[in-house]
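Visitor: Pasting the sequence and the predicted coordinates here, then a few questions.
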Amino acid sequence: MTVTALPGSELLVHMAAHDPLFRERTAQSLLAVEKRLLDCASDAPDPRVAELTGHIATAGGKRLRPLLVLLGAEFGESWRDGVVEAAVIAELVHISSLYHDDVMDGAELRHGVVSANALWGARLAVAGGNWLLARAARLAAELGPDMVRFQADVASELVVGQLREMTGPDEGEDPVAHYFQVASGKTAALLAMALGAGALRAGAPDAHGRALIEYGRQLGIAFQISDDLLDLVAPASRTGKEQGADLAAGAPSLPVLLAVADGRPAGAELRELLSAGPLEDPADRRRALRLFAVSPAPAGAEAHLRHRLDLARAALDVLPPGPARRALHALCDYVDSRVARTVDAGH
């Protein structure tokens, strides 16, 4: 199988364009991860449950988290036993969170296919996500207490992030500060765990593991900002989900928070639209998207994104040079460029 046929191949080619040997080694590891992942996601004894739990895994995706596990392992002995399993654990936890997120958002599409909740209903989708989380825990138990701790910690952070998003900021709390707390739990925690788990399984030095975890946290927040921007400016053909889905659900993303804070008439109109709750009327959603596009919010969100990417790059300074560090730097460039291309195309 060629690299271009792999899930996540766009990331891999971008990150290792000038190092074919490193790219091929990582591609072969991703193939092993993909096979094990699909087996684990759909090995429920009841075929009806297996269809539900394997639905999103078989739809593909960037496979960013498994890739980060493999890159973290490059700073130790990347061929050690358990690295592939650690990558599978990271993706199982991620996929389980997608089942829950789609229920919370009422999303109908995920990775370009009909979401689990749209096919089977919210109750079964939540149960499917729970099963995947339990499957990840069983796999972590086979790797030992350190991996169990990693998996349990990140699951806890994901839940707290989701709860913080649902309950909203405390009275008097800055909504933007609250947003970053949510993003740190819902998105960044899992990226940091992926890098840290790879470093741990490969026996990397503690200082390298800490640097990778910090990189993952900053990169994760940047990724969340980029996803929030793409939700508002990119068509479904680009993202695999409806444009403005987060906006329609009333999710307080950073771009939306910046847009409603705008003191000009467009900001006031957007505040009025969103004050009534989720935008169920398609005409209201289209109007909100147009108001967002003419606000200063896209540029403001991009500035926050690039600040987080700068922090991520700085965390890499303590790591030894080599193809893995270059790949992590290239991943920052990728996050920056995926948003810039779409935002520029919309203007």
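Guide: Done, it's in.
Visitor: burial count for residue 111?
Guide: 19 (other C-beta atoms under 10 Å). (Each C-beta comes from the backbone N, C-alpha and C, glycine too.)
Visitor: Report the contact partners of the closest residue in space to it that isn't next to it in sequence.
Guide: Distances taken as C-beta to C-beta, 6 or more residues apart in numbering place residue 59 nearest to residue 111, at 4.1 Å, with adjacent residues excluded. With contact set as C-beta atoms under 8 Å, 6 or more residues apart in numbering, residue 59 has these partners: 110-113.
Visitor: 10 Å - rerun?
Guide: Taking C-beta atoms under 10 Å, 6 or more residues apart in numbering, we find residue 59 in contact with 7, 95, 98, 109-116, 240.
Visitor: try residue 325
Guide: Applying C-beta under 10 Å, 6+ apart, we find residue 325 in contact with 71, 74-75, 211, 215, 316-317, 319.
Visitor: Let me know the secondary structure of it.
Guide: helix (DSSP: H, G, I helix; E, B strand; the rest coil).
Visitor: tell me which residues of the helix of greatest length in the chain are tucked away?
Guide: Looking across the chain with DSSP state H, the single longest helix is helix 206-233. Buried residues in helix 206-233, defined by neighbour count with 16 or more other C-beta atoms under 10 Å: 208-209, 211-233.
Visitor: so residue 307 makes contact with residue 254?
Guide: No. The pair residue 307 / residue 254 is not scored as a contact, 11.8 Å apart, by C-beta atoms under 10 Å.
Visitor: Find residues that contact each of the two.
Guide: 221, 225.
Visitor: more neighbours, those two?
Guide: The residue with more neighbours, out of residue 307 and residue 254, is residue 254; 23 against 14, by other C-beta under 10 Å.
Visitor: how far away is the more buried one from residue 178?
Guide: 10 Å (C-beta to C-beta, to the nearest Å).
Visitor: cool, and residue 283?
Guide: Taken as C-beta to C-beta, the span from residue 283 to residue 178 is 30 Å.
Visitor: Which of the two has more residues huddled nearby?
Guide: Using other C-beta under 10 Å, the more surrounded residue of residue 283 and residue 178 is residue 178, with 18 against 8.
Visitor: Which strand or helix spans the more buried one?
Guide: helix 175-183 (DSSP states H and E).
Visitor: in that helix, what counts as buried?
Guide: For helix 175-183, by 16+ other C-beta under 10 Å, it's 178-180, 182-183.
Visitor: With pLDDT added, can I get those residues in CSV?
Guide: CSV is the format used below for the buried residues of helix 175-183 (pLDDT from 0 to 100):
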residue, pLDDT
178, 95
179, 95
180, 96
182, 94
183, 94
